[in-house]
Each structure stands twice: as C-alpha cells, then as structure tokens.
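Participant: from the sequence below, what's the structure:
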Amino acid sequence: MAFTDSEGKSDDDSKVSFESMMYDALKIRLVEEKIIEIYHSDRIQSPVHLSIGQEHVAVGVCAALRRDDPLFGTYRSHAFYLAKGGDLKRMFAELYGKATGGAKGKAGSMHLSAPEVGFMGSSAVVASNIPHAVGAALAARRRGTGQIAVAVFGDGATEEGVFHESINFAALHRLPVLFLCENNGYAVHSPLAARQAYRIGTLAAAYGVPTHSLERGHDMMGIRDLTAATAARVRAGGGPEFLEIHTCRFREHVGPGTDFDAGYRDDAAMLAWQATDPLTVHRDLVDRMTPALLAEIEAAMAFADDSPWPGPEELLTDVL
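Facilitator: Modelled structure (predicted):
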C-alpha cells in the first residue's frame, strides 16, 4: 500500500496507481471470500460484517491519506484496516481469538485496530467512532502535526445525535476532520426512504460544512482524487468537509451469506454494481494478481492457526 508522506507526496513520489489500488481491493475481496469459506468451521471467533462490494471506497480514500492520518472505522472495517496498511497476519489472529492478534484476540472483527498505520480502531456502536475522530482532529490542531482525522460511518449513523454534536463542534472550531459516509442505502434491513426525511448530501451544509457526493463508489481513481483534493483543503486549515460516497453491500448485513431472500431488497442493484465493479471488469489484472495474494492469505491463516491462545493471565489486562 502506498501512502502520501508528510509533504503530500506518495512514497513513490507519484499518485497511487490504478494497478496498486486494484491489488489492494482484490486483497480485501479475497480475504473476505476466505472468511466466508472458513466461517462455519468455528476458526473465526466473532461475528463478521463483510465489506464485499464496498472495498473500492476504502482503497480510494486511503490512497489519498498520509500513513499517520488517524482513521476511525465502523464494525464493517476489514476493508479500511487493510487499505490503511494493517497487518494481515495479525488480523487473522485477531479473528481467530489468538494472542498474536492486534488486540490479543480480545476484540475480534468489529473492533480491529492498527494504530501503527493510523487505523485507530473501529466500533460496534453506530456513530460512536465519530467523536473520537473529532477529538483526534482537535489534538492534531493543538499539537501542530499537520494530520487530518477521518471518521468513517454508514448512512444510518447520520440519524444519531452524536453525529450532529460532532459535526457541529468540528465546524464551530474549524477542526481538521474529514467526515466520510459510505452510503449503501440500508441500515441493516431498512432503506433510506423508511428512515430519513432529509438528504444526506445536504445535511452537513446546515452546519456550514462543504459536502461532496460521488455516485460511482467503485471508481477508485475518482475517490482517490476527490479525497486528495478534499484532504488538502482540510489539512491547510479550511475546516472540516463531508464526503458521501454511494456504494453497494453485496452480502448480508452481518454474516457470511446473502440476504436477498429476506425480502427487503432484490439483487438487481447488486448485479448493476457488479457489472461495473473493477474486480469483475479487469479480469486480466485479477488473474495475474490472485496467486500471490492467495499465498499471502494462506500464510496469514497458518500464522493464526499456529499462534497461541491467550492465557488466563490476560483476562483482566487491557481493561479500563
């Protein structure tokens, strides 16, 4: 994964390439397909919320960030963990509940973290990560680090009071925070029309926060460029900005399966997204990259399998 450095240049002194982003997106897709494959074996010790269909958002956004920019995710954060540079072996060990996991096996899928690459953590409580990002932005401002903080959340989080409190505080103090809404159109089984009398694309404007919306949530280069331009303004002291990126969740809300038989949506929208999904369209790249990625995934799983379980002495450590 290529990140921009503290001067805004990437680590190869050029923008992150489409091929590099394809590699990252395919890695996320293959990791989650492997999770689906092994989920019923009980090797994974926690529920999983899969990012399949939404990988391109994470990859495009993270390609425009500095490694030290703190990002706060949701319970659906496998994609952001990996796109931000989180270690795959430690991720599988965490999913397996092993002591070598990023949180010593105590956090599981919904609470991944990799602070060494700026992935500060994720939360199972909707919208609870947003004030953490605002606090990190306030700290960055006071310390003069030049960092921006990123709050990632779904469309349902905009209905929570803490979202409004956070965006109001960030706007009032012109904090360097980027609010990123992954709008997949559903909160569990409830569509937008059943939940919201407002439009997300105009919501932040009520607080004076510039808002940008991108319909093509599979356009990694477009996401990268939009995020880079937005992040540059935020980093330069322009105050918070809001990105809404439309996307599509291919799998069920939680778990390894599909949920089209639940009756709340059909597969027409997913099929339309899949028809333009770079991981479907660019089969030549996918076929070329897959063998090395599968080998990396197998090595990570072997690491997790061979890792020790936490001992009883760990039961009350790291507990606040």
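Participant: helices along the stretch 51-200 of the chain, start to end?
Facilitator: Assigned by DSSP state H, counting those that start in this stretch, the helices in the stretch 51-200 of the chain fall at 55-62, 78-83, 88-95, 130-143, 161-172, 200-203.
Participant: any idea how far the fifth one is from the chain center?
Facilitator: When C-alpha coordinates are averaged (Cα atoms, centre = their mean, to the nearest Å), helix 161-172 and its chain have centres 21 Å apart.
Participant: any residues touching it, and which ones?
Facilitator: Applying Cβ atoms under 8 Å, 6 or more residues apart in numbering, the contact partners of helix 161-172 are 127-128, 130-131, 133-134, 137, 151, 153, 157, 175, 177, 179, 204, 207-209, 239-240, 242. C-beta: built from backbone N, CA, C; applies to glycine.
Participant: can you say which of those residues are buried?
Facilitator: For the contacts of helix 161-172, a burial check counting by 16 or more other Cβ atoms under 10 Å picks out 127-128, 130-131, 133-134, 137, 151, 153, 157, 175, 177, 179, 204, 207, 209, 239-240, 242.
Participant: report pLDDT for the nearest residue to residue 189 once chain neighbours are set aside.
Facilitator: Closest residue to residue 189 apart from its sequence neighbours, by Cβ to Cβ, 6 or more residues apart in numbering: residue 264 at 4.3 Å. In this model, residue 264 is scored at 93, pLDDT.
Participant: next one: residue 60
Facilitator: pLDDT, read off for residue 60, is 98.
Participant: mind checking the SS state of the spatially closest residue to it that is not a sequence neighbour?
Facilitator: Nearest non-adjacent residue to residue 60, counting by Cβ to Cβ, 6+ apart: residue 223, 2.8 Å away. At residue 223 the chain is in helix, as set by DSSP: H, G, I helix; E, B strand; the rest coil.
Participant: wait, doesn't residue 223 sit right on residue 55?
Facilitator: No: Residue 223 is beyond contact range of residue 55, at 11.0 Å (criterion: Cβ atoms under 8 Å).
Participant: compare those two (neighbour count), which wins?
Facilitator: Counted by other Cβ atoms under 10 Å, residue 223 and residue 55 do not tie: residue 55 has more neighbours, with 32 against 27.
Participant: from the contact counts, what lies against the helix or strand where residue 244 lies?
Facilitator: Following DSSP states H and E, the helix or strand that holds residue 244 is strand 241-246. Counting contacts by 3 or more Cβ pairs under 8 Å, 6 or more residues apart in numbering; DSSP states H and E, strand 241-246 is packed against helix 55-62, strand 177-183, helix 200-203, strand 211-214, helix 220-233.
Participant: list of residues touching the first one?
Facilitator: Contact with helix 55-62 is made by 1, 3, 21, 24-25, 28-29, 51, 71, 79-80, 82-85, 150, 152, 180, 182, 217-224, 227, 243, 245, 247, 277-279, as judged by Cβ under 8 Å, 6+ apart.
Participant: can you count the residues close to the closest residue in space to residue 228 that isn't next to it in sequence?
Facilitator: Distances taken as Cβ to Cβ, 6+ apart put residue 64 closest to residue 228, at 3.9 Å, once the chain neighbours are dropped. Residues lying near residue 64 (other Cβ under 10 Å) number 24.
Participant: do residue 132 as well
Facilitator: Around residue 132 there are 17 residues (other Cβ under 10 Å).
Participant: what does the one 10 residues further on give?
Facilitator: Residue 142 sits with 8 neighbouring residues when counted by other Cβ under 10 Å.
Participant: quick revisit: so who does the residue nearest to residue 228 touch?
Facilitator: 4, 16, 224-225, 227-228, 231.
Participant: buried among the residues you listed? Need that as a selection in PyMOL.
Facilitator: Listed next is the PyMOL selection for buried residues among these, using 16+ other Cβ under 10 Å:
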select buried, resi 4+16+224+225+227+228+231
